[in-house]
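Peer 1: I would like to see how this sequence folds:
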Amino acid sequence: MKIQIRQSQRGAEAEFVRGLEWLFDPPGSRPPDWDRDRAVERTAQILAHENCALFEARSPQDQLVGVASVYLDILSVRFGRRASIEDLVVHPEWRSRGVGTILLTTARAWAHEQGADYVFLESGVTRTEAHRFYLRAGATHAAAAFRWTTDA
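Peer 2: Here you go, the predicted model:
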């Protein structure tokens, strides 16, 4: 089976967001403030920036089977230029078929080409299968992540 990876282009925002919504399947959940239209708008904004890349994995029949987003974001005093993989999700029926590996490899290669010294990825605490995948792919469990909303 040959999976094709391509960089998302303008006009594909809604389909990319549809792929992101696979994150809401168990063990994930839909964020309480999820707004699909706003996500499509943000995707359009992201596509206009050169320090971000959105990737689509497609089946031999051109079916969307996975998506990934990677951002060149900070220059750390301690670690150098960072790239963050914000999203990496594979359609539930296509998991464990190599799609995630291809997306991860593509995102990491893009980060390297952009001059990143390292790649950072956060994953929800309930995603134990994804964590095993990342560790098998050579990641190190380097930190715990915490977040706040800006309304506090």
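
Peer 1: from now on I want contacts and neighbour counts done on CA atoms only, so please keep to that.
Peer 2: Will do.

Peer 1: name the element the most centrally placed residue in the chain belongs to?
Peer 2: In the chain, the residue lying closest to the centroid (CA atoms, centre = their mean) is Asp87, at 2.2 Å. Per DSSP states H and E: Asp87 is located in strand 80-90.

Peer 1: so which residues make contact with that strand?
Peer 2: When contacts are defined by CA atoms under 8 Å, 6 or more residues apart in numbering, strand 80-90 is touched by residues 19-20, 22-23, 65-76, 99-100, 103-104, 107, 111, 115-122.

Peer 1: what's the helix or strand following that strand packed up against?
Peer 2: Next helix or strand after strand 80-90 toward the C-terminus (DSSP H and E): helix 99-113. Of the remaining helices and strands, those touching helix 99-113 by 3 or more CA pairs under 8 Å, 6 or more residues apart in numbering; DSSP states H and E are strand 4-7, strand 52-58, strand 64-76, strand 80-90, strand 118-121.

Peer 1: sorry, back to before: quick one, which of the contacts of strand 80-90 are buried?
Peer 2: Among those, those that count as buried by neighbour count (16 or more other CA atoms under 10 Å) are 19-20, 22-23, 65-72, 99-100, 103-104, 107, 111, 116, 119.

Peer 1: output the below-cut-off pLDDT ranges for the chain.
Peer 2: Counting by pLDDT under 70, the chain has low-confidence residues at 1, 152.

Peer 1: and the nearest residue to Ala68 once chain neighbours are set aside, how many neighbours?
Peer 2: Spatial nearest neighbour of Ala68, chain neighbours left out: Leu88 (4.2 Å); criterion: CA to CA, 6 or more residues apart in numbering. Leu88 has 24 neighbours, counted by other CA atoms under 10 Å.
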